[in-house]
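*Asks:* fold the following, please.
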Amino acid sequence: MTALPEAVEWGPPAPGYWMRNFRLGEWLPEAMTPLFADWLLALIEGGYLRGMRSTVGAAVPFRYAAINGWYYTTLPEVSPQLLVRALVESRGRMVPVMWNALIRVNNDPVGADRAVLRRLADECRNELLPRYWRLVTRAHERIESATPAELVGIVEEVGTTAGEYLFSLAIVGGSAWKMEAALAKFLRRHLAGQVDSGYQGLLRGLPGVEAGTPPHAVQSVDWYRPTLGELGLAGEDPDAQAHQRKIASEREAAEAACRAALADRPKLLARFEALLGVAQRYAALRE
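*Replies:* Residues are numbered from 1 along each chain as shown. Below you'll find the predicted structure:
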(Lines give C-alpha, C1' and ligand atoms only; values in the text may rest on other atoms or scores of the structure.)
Protein backbone atom coordinates (compact mmCIF):
# COMPACT_ATOMS: atom_id res chain seq x y z
CA MET A 1 0.00 0.00 0.00
CA THR A 2 2.78 2.44 0.86
CA ALA A 3 5.79 1.17 -1.11
CA LEU A 4 6.93 3.06 -4.16
CA PRO A 5 7.32 1.03 -7.37
CA GLU A 6 10.80 -0.11 -8.27
CA ALA A 7 10.98 1.94 -11.46
CA VAL A 8 8.63 4.31 -13.23
CA GLU A 9 9.03 5.01 -16.93
CA TRP A 10 8.05 8.49 -18.14
CA GLY A 11 8.93 7.99 -21.79
CA PRO A 12 6.45 9.21 -24.42
CA PRO A 13 4.39 6.45 -26.08
CA ALA A 14 5.41 7.67 -29.54
CA PRO A 15 7.50 10.47 -31.07
CA GLY A 16 6.05 13.94 -30.76
CA TYR A 17 5.62 16.88 -28.42
CA TRP A 18 3.45 15.45 -25.63
CA MET A 19 1.61 17.96 -23.43
CA ARG A 20 -0.12 17.65 -20.06
CA ASN A 21 -2.46 20.63 -20.17
CA PHE A 22 -3.53 20.88 -23.80
CA ARG A 23 -7.13 20.18 -24.88
CA LEU A 24 -8.77 17.87 -22.32
CA GLY A 25 -5.66 18.01 -20.15
CA GLU A 26 -6.69 21.49 -18.99
CA TRP A 27 -9.51 19.83 -17.03
CA LEU A 28 -7.51 16.85 -15.75
CA PRO A 29 -5.12 18.38 -13.20
CA GLU A 30 -4.56 15.08 -11.39
CA ALA A 31 -3.94 11.47 -12.36
CA MET A 32 -7.01 9.80 -13.87
CA THR A 33 -8.95 7.02 -12.22
CA PRO A 34 -8.90 3.77 -14.21
CA LEU A 35 -12.64 3.84 -14.91
CA PHE A 36 -12.43 7.35 -16.36
CA ALA A 37 -9.29 6.57 -18.38
CA ASP A 38 -10.73 3.34 -19.80
CA TRP A 39 -14.28 4.46 -20.52
CA LEU A 40 -15.34 8.10 -20.27
CA LEU A 41 -12.09 9.46 -21.71
CA ALA A 42 -12.54 7.39 -24.87
CA LEU A 43 -16.15 8.59 -25.19
CA ILE A 44 -15.15 12.26 -24.86
CA GLU A 45 -12.28 11.88 -27.34
CA GLY A 46 -14.60 10.07 -29.76
CA GLY A 47 -17.19 12.82 -29.41
CA TYR A 48 -14.45 15.39 -30.06
CA LEU A 49 -13.77 13.76 -33.43
CA ARG A 50 -17.50 13.56 -34.16
CA GLY A 51 -17.79 17.29 -33.43
CA MET A 52 -14.84 17.98 -35.73
CA ARG A 53 -16.41 15.92 -38.51
CA SER A 54 -19.75 17.69 -38.05
CA THR A 55 -18.11 21.12 -38.19
CA VAL A 56 -15.48 20.75 -40.90
CA GLY A 57 -16.59 17.60 -42.71
CA ALA A 58 -13.56 15.49 -41.76
CA ALA A 59 -11.71 14.35 -38.66
CA VAL A 60 -7.97 14.44 -37.97
CA PRO A 61 -7.40 12.47 -34.74
CA PHE A 62 -5.32 13.88 -31.90
CA ARG A 63 -3.19 11.26 -30.20
CA TYR A 64 -3.53 10.87 -26.45
CA ALA A 65 -2.27 8.48 -23.80
CA ALA A 66 -2.35 7.70 -20.09
CA ILE A 67 1.23 7.75 -18.81
CA ASN A 68 1.33 6.47 -15.23
CA GLY A 69 -2.30 7.52 -15.02
CA TRP A 70 -1.70 11.08 -16.22
CA TYR A 71 -3.33 12.40 -19.39
CA TYR A 72 -1.01 13.44 -22.20
CA THR A 73 -1.84 14.52 -25.73
CA THR A 74 0.05 15.59 -28.81
CA LEU A 75 -0.72 17.13 -32.17
CA PRO A 76 -1.94 14.91 -35.01
CA GLU A 77 0.56 13.31 -37.34
CA VAL A 78 -0.46 15.04 -40.55
CA SER A 79 1.06 13.44 -43.62
CA PRO A 80 0.45 14.82 -47.12
CA GLN A 81 -1.77 11.80 -47.85
CA LEU A 82 -3.85 12.34 -44.69
CA LEU A 83 -4.20 16.04 -45.42
CA VAL A 84 -5.35 15.44 -48.99
CA ARG A 85 -7.83 12.78 -47.84
CA ALA A 86 -9.24 15.11 -45.16
CA LEU A 87 -9.57 17.99 -47.64
CA VAL A 88 -11.39 15.77 -50.14
CA GLU A 89 -13.63 14.30 -47.44
CA SER A 90 -14.55 17.74 -46.11
CA ARG A 91 -15.69 18.90 -49.57
CA GLY A 92 -14.25 22.36 -49.07
CA ARG A 93 -15.55 22.92 -45.53
CA MET A 94 -12.27 22.40 -43.69
CA VAL A 95 -10.20 25.18 -45.25
CA PRO A 96 -12.39 28.21 -44.35
CA VAL A 97 -12.92 27.01 -40.77
CA MET A 98 -9.25 26.25 -40.13
CA TRP A 99 -8.07 29.40 -41.92
CA ASN A 100 -10.34 31.72 -39.97
CA ALA A 101 -10.22 29.96 -36.57
CA LEU A 102 -6.48 29.29 -36.47
CA ILE A 103 -4.77 31.90 -38.65
CA ARG A 104 -6.89 34.87 -39.69
CA VAL A 105 -8.28 35.42 -36.20
CA ASN A 106 -4.82 36.46 -34.98
CA ASN A 107 -4.60 39.54 -37.19
CA ASP A 108 -8.18 40.13 -38.35
CA PRO A 109 -10.52 38.85 -35.63
CA VAL A 110 -13.42 40.96 -36.86
CA GLY A 111 -13.15 39.45 -40.35
CA ALA A 112 -12.76 35.92 -38.96
CA ASP A 113 -15.83 36.44 -36.78
CA ARG A 114 -17.87 37.65 -39.71
CA ALA A 115 -16.71 34.88 -42.06
CA VAL A 116 -16.97 31.78 -39.86
CA LEU A 117 -16.63 32.16 -36.11
CA ARG A 118 -19.93 33.93 -35.43
CA ARG A 119 -21.86 31.04 -36.97
CA LEU A 120 -19.86 28.51 -34.96
CA ALA A 121 -20.34 30.50 -31.76
CA ASP A 122 -24.10 30.66 -32.33
CA GLU A 123 -24.21 26.90 -32.96
CA CYS A 124 -22.23 26.27 -29.77
CA ARG A 125 -24.41 28.49 -27.59
CA ASN A 126 -27.84 28.00 -29.15
CA GLU A 127 -27.77 24.40 -30.43
CA LEU A 128 -25.04 22.22 -28.97
CA LEU A 129 -25.04 23.43 -25.35
CA PRO A 130 -28.87 23.27 -25.00
CA ARG A 131 -28.83 19.77 -26.52
CA TYR A 132 -26.22 18.69 -24.00
CA TRP A 133 -28.22 20.17 -21.09
CA ARG A 134 -31.35 18.36 -22.27
CA LEU A 135 -29.42 15.09 -22.19
CA VAL A 136 -28.17 15.82 -18.67
CA THR A 137 -31.65 16.75 -17.44
CA ARG A 138 -33.16 13.61 -18.94
CA ALA A 139 -30.37 11.51 -17.42
CA HIS A 140 -31.15 12.91 -13.96
CA GLU A 141 -34.78 11.94 -14.41
CA ARG A 142 -33.94 8.37 -15.49
CA ILE A 143 -30.93 7.51 -13.38
CA GLU A 144 -32.67 6.18 -10.26
CA SER A 145 -34.82 3.69 -12.17
CA ALA A 146 -32.43 2.82 -15.00
CA THR A 147 -31.20 -0.73 -15.50
CA PRO A 148 -27.43 -1.34 -15.73
CA ALA A 149 -27.70 -1.49 -19.53
CA GLU A 150 -29.63 1.79 -19.58
CA LEU A 151 -27.03 3.41 -17.32
CA VAL A 152 -24.34 2.40 -19.80
CA GLY A 153 -26.37 4.00 -22.58
CA ILE A 154 -26.79 7.21 -20.58
CA VAL A 155 -23.04 7.45 -19.92
CA GLU A 156 -22.18 6.82 -23.55
CA GLU A 157 -24.67 9.36 -24.87
CA VAL A 158 -23.75 12.12 -22.41
CA GLY A 159 -20.01 11.42 -22.67
CA THR A 160 -19.99 11.52 -26.46
CA THR A 161 -22.01 14.73 -26.56
CA ALA A 162 -19.64 16.27 -24.02
CA GLY A 163 -16.83 15.52 -26.48
CA GLU A 164 -18.73 17.26 -29.27
CA TYR A 165 -19.13 20.29 -27.02
CA LEU A 166 -15.41 20.18 -26.19
CA PHE A 167 -14.50 20.52 -29.87
CA SER A 168 -16.92 23.43 -30.26
CA LEU A 169 -15.42 25.06 -27.15
CA ALA A 170 -11.90 24.52 -28.51
CA ILE A 171 -12.78 26.43 -31.69
CA VAL A 172 -14.95 29.18 -30.19
CA GLY A 173 -13.32 29.59 -26.78
CA GLY A 174 -9.88 29.10 -28.29
CA SER A 175 -10.50 32.13 -30.49
CA ALA A 176 -10.94 34.36 -27.42
CA TRP A 177 -7.29 34.59 -26.42
CA LYS A 178 -6.26 35.27 -30.03
CA MET A 179 -8.73 38.18 -30.09
CA GLU A 180 -7.36 39.40 -26.75
CA ALA A 181 -3.87 39.41 -28.26
CA ALA A 182 -5.10 41.49 -31.20
CA LEU A 183 -6.74 43.96 -28.81
CA ALA A 184 -3.52 44.18 -26.77
CA LYS A 185 -1.52 44.86 -29.94
CA PHE A 186 -3.94 47.64 -30.94
CA LEU A 187 -3.64 49.34 -27.54
CA ARG A 188 0.15 49.07 -27.54
CA ARG A 189 0.39 50.52 -31.05
CA HIS A 190 -2.20 53.30 -30.87
CA LEU A 191 -2.89 54.11 -27.21
CA ALA A 192 0.40 53.53 -25.39
CA GLY A 193 0.84 56.19 -22.71
CA GLN A 194 -2.62 57.66 -23.37
CA VAL A 195 -4.77 55.38 -21.17
CA ASP A 196 -3.96 53.92 -17.77
CA SER A 197 -5.53 50.47 -18.07
CA GLY A 198 -4.20 47.59 -20.11
CA TYR A 199 -6.29 45.47 -22.43
CA GLN A 200 -7.33 43.14 -19.60
CA GLY A 201 -9.24 45.99 -17.99
CA LEU A 202 -11.47 46.04 -21.07
CA LEU A 203 -12.43 42.36 -20.65
CA ARG A 204 -13.44 42.25 -16.97
CA GLY A 205 -16.89 42.37 -15.44
CA LEU A 206 -18.61 41.52 -18.71
CA PRO A 207 -22.38 40.98 -18.84
CA GLY A 208 -23.35 37.34 -19.18
CA VAL A 209 -20.53 36.08 -16.93
CA GLU A 210 -21.78 34.62 -13.66
CA ALA A 211 -20.53 36.30 -10.49
CA GLY A 212 -21.07 33.21 -8.33
CA THR A 213 -20.00 29.61 -8.83
CA PRO A 214 -22.51 27.27 -10.55
CA PRO A 215 -23.06 23.92 -8.83
CA HIS A 216 -21.89 21.98 -11.90
CA ALA A 217 -18.45 23.65 -11.87
CA VAL A 218 -15.60 21.16 -11.65
CA GLN A 219 -11.93 21.12 -10.78
CA SER A 220 -11.55 17.92 -12.83
CA VAL A 221 -13.76 16.21 -15.40
CA ASP A 222 -12.79 12.82 -13.97
CA TRP A 223 -16.11 11.67 -12.56
CA TYR A 224 -14.41 10.49 -9.37
CA ARG A 225 -13.88 14.17 -8.42
CA PRO A 226 -16.95 15.92 -6.97
CA THR A 227 -18.42 19.06 -8.48
CA LEU A 228 -18.09 22.26 -6.47
CA GLY A 229 -21.81 22.01 -5.74
CA GLU A 230 -21.28 18.59 -4.16
CA LEU A 231 -18.48 20.08 -2.07
CA GLY A 232 -20.73 22.90 -0.89
CA LEU A 233 -18.53 25.53 -2.56
CA ALA A 234 -21.03 26.77 -5.14
CA GLY A 235 -23.87 29.24 -5.13
CA GLU A 236 -24.46 32.96 -5.25
CA ASP A 237 -21.86 35.04 -3.44
CA PRO A 238 -22.81 38.63 -2.46
CA ASP A 239 -19.12 39.54 -2.29
CA ALA A 240 -18.55 38.16 -5.78
CA GLN A 241 -21.52 40.11 -7.11
CA ALA A 242 -20.24 43.32 -5.52
CA HIS A 243 -16.81 42.66 -7.03
CA GLN A 244 -18.41 42.02 -10.41
CA ARG A 245 -20.17 45.39 -10.28
CA LYS A 246 -16.93 47.12 -9.27
CA ILE A 247 -14.85 45.70 -12.10
CA ALA A 248 -17.71 46.33 -14.56
CA SER A 249 -17.62 50.03 -13.66
CA GLU A 250 -13.83 50.02 -14.04
CA ARG A 251 -14.21 48.41 -17.47
CA GLU A 252 -16.72 51.04 -18.56
CA ALA A 253 -14.34 53.80 -17.42
CA ALA A 254 -11.49 52.20 -19.39
CA GLU A 255 -13.70 51.96 -22.49
CA ALA A 256 -14.59 55.65 -22.16
CA ALA A 257 -10.93 56.62 -21.79
CA CYS A 258 -10.01 54.73 -24.96
CA ARG A 259 -12.84 56.30 -26.91
CA ALA A 260 -11.85 59.78 -25.72
CA ALA A 261 -8.23 59.21 -26.76
CA LEU A 262 -9.35 58.10 -30.24
CA ALA A 263 -12.06 60.73 -30.72
CA ASP A 264 -10.00 62.72 -33.25
CA ARG A 265 -9.09 59.58 -35.21
CA PRO A 266 -12.44 58.25 -36.46
CA LYS A 267 -11.05 55.34 -38.51
CA LEU A 268 -9.03 54.05 -35.57
CA LEU A 269 -12.00 54.57 -33.27
CA ALA A 270 -14.23 52.48 -35.54
CA ARG A 271 -11.57 49.76 -35.66
CA PHE A 272 -11.28 49.86 -31.86
CA GLU A 273 -15.05 49.50 -31.42
CA ALA A 274 -15.21 46.50 -33.75
CA LEU A 275 -12.18 44.83 -32.16
CA LEU A 276 -13.46 45.49 -28.63
CA GLY A 277 -16.88 44.08 -29.54
CA VAL A 278 -15.60 40.71 -30.72
CA ALA A 279 -12.97 40.41 -27.97
CA GLN A 280 -15.57 41.03 -25.26
CA ARG A 281 -18.15 38.70 -26.81
CA TYR A 282 -15.73 35.78 -27.10
CA ALA A 283 -14.23 36.40 -23.66
CA ALA A 284 -17.72 36.04 -22.18
CA LEU A 285 -18.42 32.94 -24.30
CA ARG A 286 -15.20 31.33 -23.10
CA GLU A 287 -16.11 31.97 -19.47
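
*Asks:* after the lowest-mean-pLDDT helix or strand in the chain comes which helix or strand?
*Replies:* Of all the helices and strands that make up the chain, helix 80-90 has the lowest average by mean pLDDT, DSSP states H and E, namely a mean of 73. Tracing the chain past helix 80-90, the next element assigned as helix or strand by DSSP states H and E is helix 94-98.

*Asks:* tell me which stretches of this protein form helices.
*Replies:* Listed from the start of the chain, the chain has helices (DSSP state H) covering 34-35, 41-56, 80-90, 94-98, 105-107, 109-112, 118-123, 129-142, 148-190, 238-261, 266-286.

*Asks:* one step back: which outside residues touch the least confident helix or strand of the chain?
*Replies:* Under the contact criterion C-beta atoms under 8 Å, 6 or more residues apart in numbering, helix 80-90 has outside partners V56, G57, A58, A59, V60, P76, M94, V95. (C-beta placed from N, C-alpha, C; glycine too.)

*Asks:* isn't P215 right up against G229?
*Replies:* Yes: with contacts counted by C-beta atoms under 8 Å, P215 reaches G229, the gap being 2.6 Å.

*Asks:* list the contacts for R63?
*Replies:* A14, G16, T73, T74, L75, P76, E77.

*Asks:* how about low-confidence regions in the stretch 1-150 of the chain?
*Replies:* Within the stretch 1-150 of the chain, the set of residues satisfying pLDDT under 70 comprises 1, 5, 82.

*Asks:* again, 90 this time
*Replies:* Counting by pLDDT under 90, the ranges of the stretch 1-150 of the chain that qualify are 1-17, 21-24, 26-27, 52-63, 67-68, 74-103, 107, 125.

*Asks:* in contact with the closest residue in space to D237 that isn't next to it in sequence, which residues?
*Replies:* Ranked by C-beta to C-beta, 6 or more residues apart in numbering and with sequence neighbours excluded, the top spatial neighbour of D237 is G212, at 4.8 Å. For G212, the residues meeting the contact criterion (C-beta under 8 Å, 6+ apart) are A234, G235, E236, D237, A240, Q241.

*Asks:* tally of neighbours for the fifth one?
*Replies:* The one in question is A240. A total of 14 residues lie near A240 under the criterion other C-beta atoms under 10 Å.

*Asks:* could you check how far the nearest residue to it once chain neighbours are set aside is from P238?
*Replies:* Residue nearest to A240 in three dimensions, not counting chain neighbours: A211, with 4.4 Å by C-beta to C-beta, 6+ apart. Plainly put, A211 is 9 Å away from P238 if you go by C-beta to C-beta, to the nearest Å.

*Asks:* looking at those two, which is more packed in?
*Replies:* A211 (17 against 9).

*Asks:* hmm, that one is touching D237, no?
*Replies:* Yes: using C-beta under 8 Å, A211 and D237 qualify as a contacting pair, with a distance of 6.8 Å.

*Asks:* follow-up on the earlier one: okay if I get the helices of the chain as a markdown table plus distance to F22?
*Replies:* Written out in a markdown table, the entries for those read as follows (distance: least, C-beta to C-beta, whole Å):
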| stretch | distance to F22 |
| --- | --- |
| helix 34-35 | 22 |
| helix 41-56 | 13 |
| helix 80-90 | 20 |
| helix 94-98 | 17 |
| helix 105-107 | 18 |
| helix 109-112 | 22 |
| helix 118-123 | 20 |
| helix 129-142 | 22 |
| helix 148-190 | 10 |
| helix 238-261 | 29 |
| helix 266-286 | 16 |
